[in-house]
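Peer 1: Make a model of this:
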Amino acid sequence: MAFFEQLGILALTPGMVVMWLIGVTLMYLAITKEYEPLLLLPIGFGVLVANLPLTGLMIPGEGLVWRFYHYGVEWEVIPPLIFLGLGAHTDFGPLLSQPRLIFLGAGAQGGVYATFFAAHAFGFTLQESATIGIIGGADGPTTIFLAAQLAPHLLGACAVAAYSYMALVPIIQPPIMRLLTTESERKIRMKKARKVTAREKLLFPVAATIVIVLLVPASAPLIAMFMMGNLFRESKVVERLTDTAQNALMNIVTIFLGVTVGATMTAETFLRGDVIFIFVLGLVAFSVSTACGLLLAKLMNLFTNDKINPLVGAAGVSAVPMAARVAHKMGAEADKKNYLLMFAMGPNVSGVIGTVVAAGIFLRMLG
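Peer 2: Model (predicted):
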């Protein structure tokens, strides 16, 4: 009799089966559609195993996956390591060649703050509202970093929303870009940027770390690791460290991050009405962020003769490099000889910094 009581099938609930379907759907999108496969595949599998009955994988203090979550996410280890790898991949050259583009990355955070106030107006707590709003930055690791500290019960939903919208950038952004620009604006050819010296690229991560952390100390875990990874890259003397940060380490922590995020999505925490609303608000946040970056570029054009193609402003969200590629593609559709990719990378990487700063402000105010 005791043997039969330990059969997982007897403890199976309809909610668990629903979560299986969600997990399988995420894995299907990752494998078949290639939507953010590096994250959605382990997330989907994490959803599946977390909703298998009697496994004990997420039992606090005992479960294997719970330990990944506790030591990796709650202790703020995995997201900063992700940022180390991102920094090692990032070229700040396009931003440094035209520093004005940093304002577009900052402006694209408008959706984060607008959704924060909207979510609170709909009844979410300030901490929950901040976690939902940060989805607008389309930055998965930052969303996870903030959610783990302000609203752990929303971590899975917000992380999946953030990564889903990152994957859907080519679908979500183009209609907004067409709506808010004219064909002549999309044809604007930006002037060739100046060449950035190796010394500038070397000094930037050090100077940026000092300035940003002095202004927003709570952003230090992510900014410090992001800039250290970039310093590895630009120093040209630690190729082994750069390669490890870009590849082996990045891949390892991505596996643990994905499985851990998926495992937080149990039937009890995910199958609620407010979770669906979070996805809607996240979409609003991302859309507003896209529009804010684009409209800021148009505003800046009123005060300068050196025009900015407004499409570049839409790349101010943190979805690197997908948003920059979409801006380039839209420009090329209007003018086949218009090459916007490197210009769009400027606000794209500054958007990463902007989202981290926004998360740091929320942590300082609400943590």
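
Peer 1: which residue ranges form the helices in the stretch 1-150 of the chain?
Peer 2: Here the stretch 1-150 of the chain has its helices, by DSSP state H, counting those that start in this stretch, at 2-5, 14-31, 37-50, 64-67, 78-89, 93-97, 102-107, 110-121, 126-133, 140-150.

Peer 1: between the last one and helix 37-50, how many degrees?
Peer 2: Regarding helix 140-150 and helix 37-50, their directions subtend 40 degrees when assessed with axes from the mean of the first three to the mean of the last three C-alpha atoms, to 10 degrees.

Peer 1: Using CSV, write out every CA atom in helix 140-150.
Peer 2: The C-alpha atoms that make up helix 140-150 are tabulated as CSV, following Å, rounded to 0.1, in the frame of the first residue of the first chain:
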residue,chain,number,x,y,z
GLY,A,140,15.8,39.0,-19.1
PRO,A,141,18.6,38.9,-16.6
THR,A,142,17.7,42.3,-15.2
THR,A,143,14.1,41.3,-14.9
ILE,A,144,15.1,38.2,-13.0
PHE,A,145,17.5,40.1,-10.8
LEU,A,146,14.8,42.6,-9.8
ALA,A,147,12.0,40.0,-9.4
ALA,A,148,14.1,37.8,-7.1
GLN,A,149,14.4,40.7,-4.7
LEU,A,150,11.1,42.5,-4.9
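
Peer 1: What is that helix packed up against?
Peer 2: Helices and strands in packing contact with helix 140-150 are listed as helix 78-89, helix 126-133, helix 155-167, helix 220-235, helix 248-263, helix 341-366; criterion 3 or more C-beta pairs under 8 Å, 6 or more residues apart in numbering; DSSP states H and E. Any C-beta I mention is one placed from the backbone N, CA and C, and that applies to glycine too.

Peer 1: Kindly report the same for the longest one.
Peer 2: Secondary structure elements in contact with helix 14-31, counted by 3+ C-beta pairs under 8 Å, 6+ apart, are helix 37-50, helix 267-270.

Peer 1: Turn the ones you listed into TSV, columns for mean neighbour count and distance to Leu126.
Peer 2: TSV is the format used below for the helices and strands packed on helix 14-31 (neighbours: other C-beta atoms under 10 Å; distance: least, C-beta to C-beta, whole Å):
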stretch	mean neighbour count	distance to Leu126
helix 37-50	23	27
helix 267-270	18	20
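
Peer 1: Compile those into CSV and extend it with columns for distance to Lys298 and mean pLDDT.
Peer 2: Converted to CSV, these look like this (distance: least, C-beta to C-beta, whole Å; pLDDT from 0 to 100):
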stretch, distance to Lys298, mean pLDDT
helix 37-50, 33, 93
helix 267-270, 40, 88
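
Peer 1: related to what we said a few turns ago, pick out the shakiest of the helices and strands packed on helix 140-150, pLDDT-wise.
Peer 2: Set side by side, those give their lowest mean pLDDT on helix 155-167, at a mean of 89.

Peer 1: Can I get the following helix or strand past that helix as PDB, trimmed to CA atoms?
Peer 2: With elements assigned by DSSP states H and E, the helix or strand that comes after helix 155-167 is helix 169-180. The C-alpha atoms that make up helix 169-180 are tabulated as PDB, following Å, rounded to 0.1, in the frame of the first residue of the first chain:
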ATOM      1  CA  VAL A 169      11.000  41.900 -31.300                       C
ATOM      2  CA  PRO A 170      10.700  41.400 -35.100                       C
ATOM      3  CA  ILE A 171       7.000  41.000 -34.800                       C
ATOM      4  CA  ILE A 172       6.100  43.600 -32.200                       C
ATOM      5  CA  GLN A 173       8.300  46.600 -33.200                       C
ATOM      6  CA  PRO A 174       7.800  47.000 -37.000                       C
ATOM      7  CA  PRO A 175       4.100  48.000 -36.800                       C
ATOM      8  CA  ILE A 176       5.000  50.600 -34.100                       C
ATOM      9  CA  MET A 177       7.900  51.900 -36.200                       C
ATOM     10  CA  ARG A 178       5.700  52.200 -39.300                       C
ATOM     11  CA  LEU A 179       3.000  54.000 -37.400                       C
ATOM     12  CA  LEU A 180       5.200  56.600 -35.800                       C
END
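
Peer 1: so how far is helix 169-180 off the chain centroid?
Peer 2: On the basis of C-alpha atoms, centre = their mean, to the nearest Å, the separation between the geometric centre of helix 169-180 and that of its chain is 18 Å.

Peer 1: contact partners of it?
Peer 2: Contact with helix 169-180 is made by 138, 165, 186, 283, 286-287, 290-291, 294-295, 298, 310-311, 314, 317, 319, 322-323, 325-327, 329-330, as judged by C-beta atoms under 8 Å, 6 or more residues apart in numbering.

Peer 1: so that helix versus helix 155-167, what angle?
Peer 2: Direction vectors for helix 169-180 and helix 155-167, defined by the same axes, to 10 degrees, enclose an angle of 60 degrees.

Peer 1: that older thread, what's the closest of the helices of the stretch 1-150 of the chain to Asp243?
Peer 2: Of all the helices of the stretch 1-150 of the chain, it is helix 78-89 that lies closest to Asp243, at 8.4 Å by C-beta to C-beta.

Peer 1: Show me what the closest one is packed up against.
Peer 2: Contacting helix 78-89 under the criterion 3+ C-beta pairs under 8 Å, 6+ apart are the following elements: helix 140-150, helix 220-235, helix 239-246, helix 248-263.

Peer 1: Dump those helices into TSV; add distance to Glu128 and mean neighbour count as well.
Peer 2: Supplementary listing: the helices and strands packed on helix 78-89 in TSV, determined by distance: least, C-beta to C-beta, whole Å; neighbours: other C-beta atoms under 10 Å:
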stretch	distance to Glu128	mean neighbour count
helix 140-150	7	27
helix 220-235	21	23
helix 239-246	33	17
helix 248-263	17	22
